[in-house]
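Chemist: Sequence first, predicted coordinates after that:
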Amino acid sequence: MRMDKTDKSRGFLDSFFKIKENGSTVYTEVIAGLTTFITMAYILTVNPAILSAAGMDPGSVFSATALSAAIATCIMGIYANLPIALAPGMGLNSFFAFSVVIGMGFSWQFALTAVFLEGIIFILLTLTNVRQAIMNCIPRDLSKGVSAGIGVFIAFIGLQSAGIVVAHESTLVDMGNLATPGTAVVVIGFFSTGIMLHYKVKGAFLFGIFLATLCGIPLGVTSIENFDTSLIFSIASLDPTFLQFDFSQVFSFEMLYVLGIFLFIDLFETVGMFLAIAGKAKLQDENGLLKNAKQAFMADAIGTTVGAVLGTSTVTSYVESTAGVAVGGRTGLTAIVVAILFFFALFLSPFFLFIPPHATAPILIIVGLMMVSSLKDLDFENYIVSIPAFVAFIAMPFTFSIANGIAWGIISYVILSILANRIKTIHPLLFGLAVLFILKFAFM
């Protein structure tokens with residue numbers, strides 16, 4: 001009788017997700033889901049750490065991170081039937097905290113409102129197929145420079161949070177005091193994660209964070225007092241961040257500027273992810289693009305909207321999904337397994353929130369490395385695109401602003417295209433963005 005129920009459940013899963021049709025099995029999909037979750041679960045630690053720098057409650061952000069990831073990934077699995085997991089994006093959370101709030105001086109409520117509007121706009125663009133069309137209007141090489149620049153920016157934040165890089169009056173930056181327990185924790189986390197990645201250990205990021213955290217206990221870096229056992233199996237309240245919007249500046253140029261950057265970054269991170277998954281998992285449609293792309297874009301857009309309501313930065317598709325694909329994940333069942341695990345993580349917040357910044361800094365540095373790898377495919381001989389990509393790449397860490405990097409990359413591309421008599425190749429949307437950015441730098 002029990003075997004009959006098991007066979008029926010497997011039969012239902014197979015027919016709903018078309019598992020055999022996609023060359024997989026239920027067991028393989030479950031293993032793929034576990035693998036994907038382990039490789040991206042570091043976001044449960046890193047996202048509260050980053051957004052708390054903007055003044056947000058870390059416990060509330062943790063709950064918003066886990067719940068938004070669970071909801072968005074579940075939609076991806078059921079609606080798009082793809083092995084893609086979603087969560088608040090690295091890079092986007094840094095722009096939220098360090099550029100919009102700390103750099104530009106806006107409140108985190110303002111930034112959260114921009115994320116909410118971004119999600120609504122992406123829903124509308126997906127329904128009208130505009131989002132798919134936008135994929136093809138901006139040069140791919142420019143987006144590679146943007147991705148690499150965000151990687152360096154993230155790595156710089158990791159070095160700064162660890163105290164390895166500090167401010168200096170004459171040289172702007174300098175090396176900090178390395179003879180500290182915190183530096184030892186960073187070193188342990190960095191090299192242990194690096195060697196696990198070398199040996200392709202699934203969950204290297206998560207294991208590296210936990211190892212560094214444990215080593216930080218005897219060194220006095222990890223505070224046991226922050227581990228509140230009374231919160232185990234309870235959910236940190238969402239009240240501090242839930243529906244905390246500020247619509248007072250919704251029609252301002254500042255909101256338009258910030259919203260445009262959010263839209264741009266999220267669009268190209270998502271497009272790049274979808275192209276990577278389509279090729280690796282052989283899930284292309286007749287045009288060579290990701291099948292069910294419209295449904296996938298919709299899951300991504302709804303995830304961003306829901307995440308903003310709960311209180312977190314932009315929810316986006318994760319490149320770590322390729323880890324699950326690598327072990328055989330081919331359908332939405334992989335995503336459903338990830339969603340279930342993120343939901344259960346809600347009840348384990350103390351295990352994640354007592355992890356110190358020194359334990360997450362190595363992850364930020366290594367994630368930066370992975371994002372910089374996009375430059376390997378840059379066409380350096382095509383100076384019309386390689387120069388703007390390089391401008392975007394260096395402007396982000398040197399000006400400590402993702403927004404500045406993207407703005408100067410677009411401006412450079414438009415100006416060089418005009419000078420090279422290639423004005424017809426400039427998409428009107430790209431030209432409009434360049435004009436807005438020039439006006440911003442000239443008058444603000």
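Modeler: Received it, and whenever you're ready, just let me know what you need. Worth saying up front: this structure is predicted, and the values here are computed from it rather than measured. Residues are numbered from 1 along each chain as shown.
Chemist: quick one: secondary structure of residue 82?
Modeler: coil (DSSP: H, G, I helix; E, B strand; the rest coil).
Chemist: and the gap between it and residue 71?
Modeler: 16 Å (CB to CB, to the nearest Å). In short, each C-beta sits where N, CA and C put it, glycine included.
Chemist: These two: who's more crowded?
Modeler: residue 82 (29 against 21; other CB atoms under 10 Å).
Chemist: Torsion angles phi and psi at the more buried one?
Modeler: The phi/psi pair for residue 82 (degrees, to the nearest 10) reads phi -130, psi 150.
Chemist: show me the contacts for it.
Modeler: 76, 277, 283, 290-292, 295-296, 331-332, 335 (CB atoms under 8 Å, 6 or more residues apart in numbering).
Chemist: now do 7 Å
Modeler: Contact analysis of residue 82 by CB atoms under 7 Å, 6 or more residues apart in numbering lists 76, 283, 292, 296, 332, 335.
Chemist: swap in residue 55?
Modeler: Contacts of residue 55 (CB under 7 Å, 6+ apart): residue 108.
Chemist: Check it and give its pLDDT.
Modeler: Residue 55 is assigned 90 on the pLDDT scale.
Chemist: I'd like the distance from it to residue 105, if you could.
Modeler: Distance, residue 55 to residue 105, using CB to CB: 12 Å.
Chemist: Among the contacts of residue 82, which one sits closest to residue 216?
Modeler: Closest approach between these and residue 216, by CB to CB: residue 335, at 33.4 Å.
Chemist: Run a quick neighbour tally on the residue nearest to that closest one when sequence neighbours are not counted.
Modeler: Excluding the flanking residues, the one nearest residue 335 by CB to CB, 6 or more residues apart in numbering is residue 77, at 3.2 Å. Neighbours of residue 77 under the rule other CB under 10 Å: 27.
Chemist: State the distance from residue 77 to residue 424.
Modeler: From residue 77 across to residue 424, the span is 42 Å (CB to CB).
Chemist: For the residue nearest the centre of the chain, give me its contacts.
Modeler: By CA atoms, centre = their mean, the mean C-alpha position of the chain lies nearest to residue 89, the distance being 1.8 Å. Neighbouring residues of residue 89 by CB under 7 Å, 6+ apart: 269, 314, 316.
Chemist: Neighbour-wise, give me the winner out of these.
Modeler: residue 314 (28 neighbours).
Chemist: Could you measure from it over to residue 334?
Modeler: Residue 314 sits 22 Å away from residue 334, going by CB to CB.
Chemist: can you map out the strands along the stretch 51-200 of the chain?
Modeler: Assigned by DSSP state E, counting those that start in this stretch, the stretch 51-200 of the chain shows strands spanning 86-88, 165-168, 172-175.
Chemist: Now render those as JSON lines, adding distance to residue 13.
Modeler: Shown next, in JSON lines, are these (distance: least, CB to CB, whole Å):
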{"stretch": "strand 86-88", "distance to residue 13": "21"}
{"stretch": "strand 165-168", "distance to residue 13": "49"}
{"stretch": "strand 172-175", "distance to residue 13": "53"}
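Chemist: Mean neighbour count, the ones you listed: which tops it?
Modeler: strand 86-88 (a mean of 31; mean count of other CB atoms under 10 Å).
Chemist: helices or strands next to that one in the packing?
Modeler: With contacts defined as 3 or more CB pairs under 7 Å, 6 or more residues apart in numbering; DSSP states H and E, strand 86-88 has these neighbours: helix 43-52, helix 58-75, helix 293-310, strand 315-317.
Chemist: after whichever strand or helix holds residue 370, next one along is what?
Modeler: For residue 370, the element it lies in under DSSP states H and E is helix 357-372. Next along the chain after helix 357-372, taking DSSP H and E as the criterion, comes helix 383-399.
Chemist: that older thread, what's the closest of the strands of the stretch 51-200 of the chain to residue 300?
Modeler: strand 86-88 (6.4 Å).
Chemist: Note down every partner strand of that closest one and its orientation.
Modeler: Using DSSP bridges, strand 86-88 pairs in its sheet with strand 315-317 (antiparallel).
Chemist: ok, which stretches of the stretch 201-350 of the chain are helices?
Modeler: Assignment of helices within the stretch 201-350 of the chain using DSSP state H, counting those that start in this stretch yields the ranges 204-216, 253-281, 293-310, 321-326, 332-345, 349-353.
Chemist: by contact count, what packs against the third one?
Modeler: Contacts of helix 293-310 with other secondary structure elements, assessed using 3+ CB pairs under 7 Å, 6+ apart, are made with helix 58-75, strand 86-88, helix 108-127, helix 130-134, helix 253-281, strand 315-317.
Chemist: and if you look at the longest one?
Modeler: When contacts are defined as 3+ CB pairs under 7 Å, 6+ apart, helix 253-281 sits against helix 92-94, helix 108-127, helix 140-161, helix 293-310, strand 315-317, helix 321-326, helix 402-419.
Chemist: can you check the shortest one too?
Modeler: Contact here means 3+ CB pairs under 7 Å, 6+ apart; on that basis helix 349-353 packs against helix 43-52, helix 58-75.
Chemist: Kindly recompute the last result at 6 Å.
Modeler: Using 3 or more CB pairs under 6 Å, 6 or more residues apart in numbering; DSSP states H and E as the contact test, the elements touching helix 349-353 are helix 58-75.
Chemist: contact partners of the helix it packs on?
Modeler: Applying CB atoms under 6 Å, 6 or more residues apart in numbering, the external contacts of helix 58-75 come out as 44, 47-48, 51-52, 85-88, 235-236, 238, 240-241, 299, 302-303, 306-307, 310-312, 315, 335, 338-339, 342-343, 345-346, 349, 353.
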